[in-house]
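**Student:** Build the 3D model from these lines:
(one chain, ligands or ions: 1)
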Amino acid sequence: MALDVESIRSQFPILQRTLPNGKKLVYFDNAATSQKPLAVIDAMSDFYKNYHANAHRANHTLADESTAALEGARDRISKFFGTSESQMIYTGSATEAMNLVAYGWARYNLSEGDVVVTTEMEHHANIVPWQELSKERGIELRYVPVDTEKFTLDYDAMEVAVEGASLVCVGHVSNVLGVRNDIERVIQMARSQGARIAIDSAQGAPHEKIKFDDLGADFLSVAAHKMAGPTGIGCLLVSEEALSEMGPFLTGGSIVKRVSLEDTLFQEGYAMFETGTPRMAEAIGWRVAVDWLEENVDFEEAHEHVQKIASWMASRMREIPGITVFGYPEREEAIGVVSFLHDTIQAQDLGYLLDAGGFAVRTGHHCAQPLMEAMGVGSTNRASVWIYNTMEEAEAFVSHLESIVSRFS
Ligand code: PMP
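**Tutor:** Residues are numbered from 1 along each chain as shown. Predicted coordinates for the structure are as follows:
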């Protein structure tokens, strides 16, 4: 059965938007952030209108309702990701989730000479925390290269890199190329070395149903805003074993049992990591996004839909004179991202010219400068597709791109 794209689209108010230049919005910047269905927007507004109060503090009615909503959301969201609420730590973003692995786990368990493995394909969120830790602790940082012909990770090099490693950190899906890495194989490799394994699933979770407990990873980071949820919230899923090895990262209120002037006794489990006023409205919005996805989206159908559009776009764009498409969005397992450049129209100019036609795409280095360097470019334009995009939008995009190229190249 195919995805009911018309019904899905009708639930995203922003997709009705007309831009100031009179063009109808075509939103192809989903890898940066997805749009939100009305149900999510309404749920957050309802919280602020009717039961907003700080959670986990007072005993009044509003505080009880707010606490119940925050914790109910944890239960619902963790189940959606195939685990239980005790394994889910709310964070402000996927970036903060990766920092939590670095500062809440690695800082407590690794020391000089320990090896952390990551890859050249990563978002900066999965590179910079390791570089900082390496400077602070003398940890050896190894990078697995990208095979720039196949546009995959070099798995032979990874076999070598993981030898003796304590932690392996790898992206689920590349935000630049849409390549879906063989995380199951990487998890096996890491396990065979007794290493802990962290998956950056900021781009994977919006396209593939995560079954965290079955996957066998120790850590997995997610950003709500890339999967119909609000900004300002994400989570780190953590295996029981890894959680028992973690210590506090950001400290202060909410995460403590008792504080004296001499010392502090911290809470246990996820409660040790959620410092300060919780993200109540965001958690409520995310819970509704998860309910909405479950009701409206079959992830296999969604993948087929997204892959068909991106694959068609890539193959047509390759025929436009001067356009280079990076990687292979046409591959069966690729995830809806088409990164491209024109050989004389600069990426930023092309971004503006596409916007003039109503088409929102990302332009820049995509917070993945080492990958850009491996590809020999400073930036690309990137069209990224999600569940509400249509083949008609893709056709209009390609035709607008053709007209730009014929006018300006
Ligand atoms: N990892 C990847 C692969 C990403 O694409 C992104 C967002 N572009 C992040 C991590 C960081 O996500 P956030 O900005 O929500 O922290």
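
**Student:** how many neighbours does whatever residue of the stretch 301-409 of the chain ends up closest to the ligand have?
**Tutor:** Minimum separation of the stretch 301-409 of the chain from the ligand (C-beta to the nearest ligand atom) falls at Cys367, amounting to 5.8 Å. Backbone N, C-alpha and C define where each C-beta goes, glycine included. By the criterion of other C-beta atoms under 10 Å, Cys367 has 18 neighbours.

**Student:** what sits against the residue nearest to it when sequence neighbours are not counted?
**Tutor:** With C-beta to C-beta, 6 or more residues apart in numbering as the criterion, Cys367 has its nearest non-adjacent residue at 4.5 Å, and that residue is His124. With contact set as C-beta atoms under 8 Å, 6 or more residues apart in numbering, His124 has these partners: 367-369.

**Student:** Leu62 now?
**Tutor:** Contacts of Leu62 (C-beta under 8 Å, 6+ apart): 51-53.

**Student:** Whichever of those end up buried, select them in ChimeraX.
**Tutor:** Selecting the buried subset of the contacts of Leu62 in ChimeraX, with 16 or more other C-beta atoms under 10 Å as the burial test, is done by:
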select :51,53
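
**Student:** quick revisit: from the contacts of His124, which is closest to Gln131?
**Tutor:** Gln369 (12.3 Å; C-beta to C-beta).

**Student:** per-residue confidence at the nearest residue to that closest one once chain neighbours are set aside?
**Tutor:** Nearest in space to Gln369, with sequence neighbours left out and distances taken as C-beta to C-beta, 6+ apart, is His124 at 7.1 Å. Looking at His124, its pLDDT is 97.

**Student:** Now His124: phi and psi?
**Tutor:** Note on His124: backbone dihedrals following degrees, to the nearest 10 are phi -50, psi -30.

**Student:** picking that back up, can you tell me which of the contacts of His124 end up in helices?
**Tutor:** Gln369 (DSSP state H).

**Student:** Now render the contacts of His124 as TSV, adding pLDDT.
**Tutor:** Shown next, in TSV, are those (pLDDT from 0 to 100):
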residue	pLDDT
Cys367	95
Ala368	95
Gln369	95
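
**Student:** The residue of the stretch 301-409 of the chain closest to the ligand contacts Ala125, doesn't it?
**Tutor:** Yes: assessed by C-beta atoms under 8 Å, Cys367 is found in contact with Ala125 at 7.2 Å.

**Student:** Pull up the gap between the nearest residue to Gly164 once chain neighbours are set aside and Trp130, please.
**Tutor:** Leaving out its chain neighbours, the residue that sits closest to Gly164 by C-beta to C-beta, 6+ apart is Val115, at 5.7 Å. Remark: distance between Val115 and Trp130 (C-beta to C-beta, to the nearest Å) = 11 Å.

**Student:** Need the overlap of contacts for those two.
**Tutor:** 139, 141.

**Student:** Got the confidence number for the closest residue to Ala224 other than its chain neighbours?
**Tutor:** The shortest distance from Ala224 to any non-neighbouring residue, by C-beta to C-beta, 6+ apart, is to Trp286 (4.3 Å). Here the pLDDT value assigned to Trp286 is 98.

**Student:** Contact partners for Trp286?
**Tutor:** Trp286 touches 40, 73, 77, 224, 229-230, 233, counting by C-beta under 8 Å, 6+ apart.

**Student:** can you do 10 Å?
**Tutor:** 40, 43-44, 73-74, 76-77, 80, 90, 222, 224-225, 227-230, 232-235, 279 (C-beta atoms under 10 Å, 6 or more residues apart in numbering).

**Student:** Since that was my last question, I'll sign off now.
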